[in-house]
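[1] here you go, sequence then predicted model.
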Amino acid sequence: MREKSKLLIPLVVSAVLVAVSFTSCTSPFSPFSSENDGLWGILRITSVSFNNVEGTNLSALSPSSVSPSSSVTASTTFPEVVQTEITHYRVELSDGPGDAPGQTAVVAAGAGGAFPDPVEFVDLVPGQWLVTIEAFAGDPADSGLLLLRGSETVTIALGSVVTPAPVVISPVDDSNGPDGSWSLVVSWPAENDPDYPLTDVVTAVEYSVNGGGWVSAGAIDTDGTNRWVSIGGTVAPGGFGVDVRLVAGDKPSPYNVVAREWERFYVFSNLTSSRTIALDASAFSYGGGSAITVVIDNPEDLETFFSGTPESTVVVGTSFTITAGVTGATAWQWRLDGEIQAGESGETFTMDAPAAGEAGVVRLITLEVTVNGTVYSANHRVRILPAE
């Protein structure tokens, strides 16, 4: 037994010396050794791509960023994003292999808000990494406003320089992110047209958000030619509908609501979705059996939203049918004067035949469609004509 112990002592000492020698030098596989630059991967970010959110003003970002099918937005309002507002980019690497630490770089934007010179990360452990790029208005270290964000997974190979495709960045729609805002201006003629004597009798404007209670829009402004109200607010990112009604205080219900508008808004963090609507005399109802008639023109951007060219009038006692024309839609919902029509979730909607006392009234038909997960909307007005 003593002889075996004598044999084992040199082996143990040798093993300890080998272990000490390895722990006292830098491993050739250490990703954090400055002596081994080039043995690990390098990531080089050279550019970003801006998402072509339908309706978003991205024309300043790249010629190809505006979708040719923008007519699908119709009256849906998205935020305006201007590249020149971008002052800084933050590039972050995270979720790397094992316990490899992440890296972050904040760089000033180039001329006009462009992505600056290439941003490089060196000595990266080979494997998959998550790249997140954010665009800010102001320095993020000094309360800069986050405008756009995007993430992509990249694979780093041993000893290689990886230049991935541009990371797509979009407005931030995280419901837990910073709030955004919306703004709507509704105007109408201040002076009476001899044929339409109601435009100056509006005594109040009210609005409802997502079917909630009616809220006063406040004071009505005028410049002598037009009258208008401005409404809006700050909300969490997401989509919602705004129903607006113009009320004439001296008319009996339901004819005291002389004009309506319904708009769908999308709000993103730190961005403003704004719209201005100018109602002309044809948008005003003249209820109670009025014989006034008028043809309501279809805006050009509705030609692909509704099938064909829907009629803009209907005679009392006659039903009215309208059909969706949006391609690629997966869901439909119809509203009448802002109210959801239960069970009307197909491509065609039929309005019940109006009674004689409704002649002169303008009904507002709204179609909401879902395309690629996003809800868009459009309005169509129909004036009720008396029987001949």
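    Alright, I've got the coordinates.
[2] quick check: phi and psi on residue 376?
    Dihedral pair for residue 376: phi -120, psi 160, per degrees, to the nearest 10.
[3] my guess is residue 334 contacts residue 344. True?
    Yes - if you go by Cβ atoms under 8 Å, residue 334 and residue 344 touch, sitting 4.1 Å apart. Where C-beta positions appear, they are placed from N, C-alpha and C, glycine not excepted.
[4] helices of the protein, residue ranges please.
    2-23 (DSSP state H).
[5] next one: the residue most central in space within it from residue 82, what distance?
    Note on the chain: the residue nearest the mean C-alpha position is residue 266, at 4.5 Å, using Cα atoms, centre = their mean. The spacing between residue 266 and residue 82, counted by Cβ to Cβ, to the nearest Å, is 17 Å.
[6] please apply the same query to residue 346.
    Distance from residue 346 to residue 82, by Cβ to Cβ: 39 Å.
[7] ok, these two, which is more surrounded?
    residue 82 (15 against 12; other Cβ atoms under 10 Å).
[8] mind checking how far residue 251 is from residue 160?
    Between residue 251 and residue 160 the distance, using Cβ to Cβ, works out to 75 Å.
[9] ok, the two, which is more surrounded?
    Between residue 251 and residue 160, counting by other Cβ under 10 Å, residue 251 is the more crowded of the two (18 against 15).
[10] grab the nearest non-local neighbour of that one.
    Sequence neighbours aside, residue 258 is the residue nearest to residue 251 in space, at 7.1 Å (criterion: Cβ to Cβ, 6 or more residues apart in numbering).
[11] what about the one you found, how many residues nearby?
    Applying other Cβ under 10 Å, we find 22 residues neighbouring residue 258.
[12] repeat for residue 153
    Around residue 153 there are 10 residues (other Cβ under 10 Å).
[13] that one contacts residue 128, doesn't it?
    Yes - in this structure, residue 153 is within contact of residue 128 by Cβ under 8 Å, at 5.7 Å.
[14] quick check: pLDDT value at residue 200.
    Note for residue 200: predicted pLDDT of 59.
[15] shift numbering so it begins at 32
    From this message on, residue numbering opens at 32, which makes the last subject residue 231.
[16] which ones are touching the closest residue to residue 194 other than its chain neighbours?
    In space, and not counting its chain neighbours, residue 194 is closest to residue 75: 4.8 Å by Cβ to Cβ, 6+ apart. For residue 75, the contacting residues are 149, 150, 151, 192, 193, 194, by Cβ atoms under 8 Å, 6 or more residues apart in numbering.
[17] now the buried members of those residues.
    With burial judged by 16 or more other Cβ atoms under 10 Å, the buried subset of the contacts of residue 75 is 150, 193.
[18] that older thread, looking at residue 365 and residue 375, which is more packed in?
    Comparing residue 365 with residue 375 by other Cβ under 10 Å, the one with more neighbours is residue 365, at 23 against 16.
[19] quick one: that one from residue 402, how far?
    Taking Cβ to Cβ, one finds residue 365 at 16 Å from residue 402.
[20] make sure residue 213 is actually in contact with residue 299.
    No - using Cβ under 8 Å, residue 213 is not in contact with residue 299; the gap is 10.5 Å.
[21] neighbour-wise, which of the two wins?
    residue 299 (28 against 23).
[22] chain neighbours aside, what residue packs nearest to that one?
    Nearest in space to residue 299, with sequence neighbours left out and distances taken as Cβ to Cβ, 6+ apart, is residue 202 at 3.6 Å.
[23] bridged to the one you found, which residues?
    Legend: beta-bridge partners of residue 202 under DSSP bridges are residue 179.
[24] separation between it and residue 300?
    Using Cβ to Cβ, we find residue 202 at a distance of 7 Å from residue 300.
[25] so residue 208 makes contact with residue 269?
    No - counting by Cβ under 8 Å, residue 208 does not reach residue 269; the two are 10.4 Å apart.
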